[in-house]
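# quick one: sequence plus predicted model below, questions after.
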Amino acid sequence: MATHDPLPFDPILRAAAIWDERIGPARTMAAVTSVMRVQQILLSAVDGALRPHGLTFARYEALVLLSFSRTGRLPMRVMGERLQLHPTSVTNIVDRLQADGLVRRIPHPTDRRATLVEITEAGTAILEDATKSVTAIEFGLSGLAPEQETELTDLLAKVRRAAGDFD
């Protein structure tokens, strides 16, 4: 998956050793830098798997969210809450998906101020193919055993909870 030759050393551990010498304990710096680097690796892998389907990860997440709803549709406000995105970002994502015929906007049946977003048949078909692509590469998360993936999810959930992502 690497797009370059691997380094003969771990640059984050090297930076941590220097940090320890010059600044103080490097545990937090090394952990955060590692998470940031892994995010780059995962985004690159997932974006590469989704690109042939004409999707970004944000657009893919929106389609997944709609497909997980009971009716295949959700209010845009709810999409923003669940995707943890600003309303403007949700609007941009929905605009692109709608332009590609993957979702449609429909009036809310009981709230004239709200708009529902509904996944189309084309959206469902693209989602199915895109999901095969990202699961085939394990979303880019290689090198961990299944129980380690669960442990990683649990550890990151603690950080997310402390940041106020959820109660």
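Cool, got the structure.
# please enumerate the helices of this protein.
11-22, 27-50, 57-68, 76-83, 87-99, 121-136, 146-162 (DSSP state H).
# so for Arg113, which of the ones you listed sits nearest?
Ranking these by proximity to Arg113 (CB to CB) places helix 76-83 first, at 9.6 Å. Heads up, the C-betas are built off the backbone N, CA and C, glycines and all.
# got the helices of the chain as a markdown table, with mean neighbour count and mean pLDDT columns?
Output for the helices of the chain, formatted as a markdown table (neighbours: other CB atoms under 10 Å; pLDDT from 0 to 100):
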| stretch | mean neighbour count | mean pLDDT |
| --- | --- | --- |
| helix 11-22 | 13 | 95 |
| helix 27-50 | 14 | 96 |
| helix 57-68 | 19 | 97 |
| helix 76-83 | 17 | 94 |
| helix 87-99 | 16 | 96 |
| helix 121-136 | 15 | 98 |
| helix 146-162 | 11 | 95 |
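# count the neighbours of the spatially closest residue to Gln84 that is not a sequence neighbour for me.
Residue nearest to Gln84 in three dimensions, not counting chain neighbours: Asp165, with 6.9 Å by CB to CB, 6 or more residues apart in numbering. Using other CB atoms under 10 Å, Asp165 is surrounded by 10 other residues.
# would you check that Asp165 makes contact with Leu83?
No. Counting by CB atoms under 8 Å, Asp165 sits too far from Leu83 to count as a contact (11.8 Å).
# can you give me the distance of the closest residue to Leu43 other than its chain neighbours to Ala15?
Spatial nearest neighbour of Leu43, excluding adjacent residues (CB to CB, 6+ apart): Phe57 at 6.7 Å. With the distance defined as CB to CB, to the nearest Å, Phe57 ends up 28 Å from Ala15.
# can you redo the helices of the chain as CSV with distance to Ile106?
Putting those into CSV (distance: least, CB to CB, whole Å) gives the following:
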stretch, distance to Ile106
helix 11-22, 48
helix 27-50, 26
helix 57-68, 12
helix 76-83, 11
helix 87-99, 11
helix 121-136, 14
helix 146-162, 32
